[in-house]
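> structure, please.
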Amino acid sequence: MRILKDSSLSNLHGMVMKAVMYIFNALGLKSVPFLKNIVPHILATVKNCGQHGLREALLQQVANLSTIVREHLRPYLPAIFDVVEEFWFTRHLSALCSLVERVAEAVPEDFRAYVPLLVRQALASIEAIDLTNWSGNTSSVSPAEDIERLELILKHIQGIKDVMGDYTHLVVPALVKLTDSLINPDSDDKYTS
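Here you go, the predicted model:
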C-alpha cells in the first residue's frame, strides 16, 4: 500500500492493483478484513492520480472488488460516491456507470440513499447535451461524444432502474423532452414551462 500512497511511484500503481485484485479474487470473502487497508488508498489514488488510464483501471478494479466483497463495501459507499460525483462529467463515465451498477447489485438497500445523486447527475448530463449542434457542430464537444455520453447515460438508467423506485418520475420527463427534441429538432420547447 505504500506504493499506492507514493505518487512518485505512479507507474507501479497499475501493477499493485492487479496484485491486490488477484489476492482478493483468491481469498474471496476472507479478504474482507483487509478492505480498511485497501479501499481508502485506492479511492485516494483515483482522486489524486493524473493519468487517465490509471484512473480508469482503478475505477474498474473497485467495481470488480464490489462483486467480490458485496455488502462488506458498505462503509466505503460515501467515499465511492464522492468519487462518482467528482468524476461524473469527465471521460470516466463508462467506468463510473459500471461501478455504480455493480454497487447497486452488491448493496441494493444501501445504494438507495445515493439514487438522488445519480438521478441529479443523469439529468444534468441529459440537459448538457446540445442537440442543436448535432447538425452544425459549433460546440467544443463533438456530436459523436454527445451520442456516446447519451448512450452511456441511458444504459446506466436502465442498469439501475430496479433501485430507482420513487425517482423514475423525475427521469421520464427529461427522456420525453430528449426524444421530442430528436424527433422534432425545430419545434419550440413545450416542456420547459
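> contacts and neighbour counts: CA atoms only from here.
Noted.
> which residues does Ala106 contact?
With contacts taken as C-alpha atoms under 8 Å, 6 or more residues apart in numbering, Ala106 has the following neighbours: Ser66, Thr67, Arg70, Glu71.
> after the helix or strand harbouring the second one, next one along is what?
In other words, Thr67. Using DSSP states H and E, Thr67 maps to helix 52-69. On the C-terminal side of helix 52-69, the closest following helix or strand by DSSP H and E is helix 77-87.
> what about the helix or strand just after that following helix, distance to the chain center?
For helix 77-87, the following helix or strand on the C-terminal side (DSSP H and E) is helix 93-106. Relative to its chain's centre, helix 93-106 lies at 6 Å (C-alpha atoms, centre = their mean, to the nearest Å).
> what does the average pLDDT come to for helix 93-106?
Across helix 93-106, pLDDT averages out at 93.
> tell me the helix or strand right after it.
Following helix 93-106 toward the C-terminus (DSSP H and E): helix 108-111.
> so what touches that following helix?
Arg74, Val103, Ala104, Val163.
> buried residues in that helix?
Neighbour-count burial for helix 108-111, counted by 16 or more other C-alpha atoms under 10 Å, picks out Pro108, Phe111.
> for whichever helix or strand comes after that helix, packing partners?
Of the helices and strands lying after helix 108-111 in sequence (DSSP H and E), the nearest is helix 115-128. Judged by 3 or more C-alpha pairs under 8 Å, 6 or more residues apart in numbering; DSSP states H and E, helix 115-128 is in contact with helix 143-159, helix 168-183.
> how about the shortest one: buried residues?
Across helix 168-183, burial judged by 16+ other C-alpha under 10 Å covers Val171, Ala174, Lys177, Leu178, Ser181.
> so how far is Pro185 from the third one?
Remark: distance between Lys177 and Pro185 (C-alpha to C-alpha, to the nearest Å) = 11 Å.
> ok, now Arg149?
The spacing between Arg149 and Pro185, counted by C-alpha to C-alpha, is 19 Å.
> ok, now Thr168?
Going from Thr168 to Pro185 by C-alpha to C-alpha gives 25 Å.
> just to revisit the earlier point, tabulate the buried residues of helix 168-183 (CSV), appending pLDDT and distance to Phe89.
As requested, these are exported to CSV (pLDDT from 0 to 100; distance: C-alpha to C-alpha, whole Å):
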residue, pLDDT, distance to Phe89
Val171, 87, 18
Ala174, 87, 18
Lys177, 86, 21
Leu178, 83, 19
Ser181, 79, 22
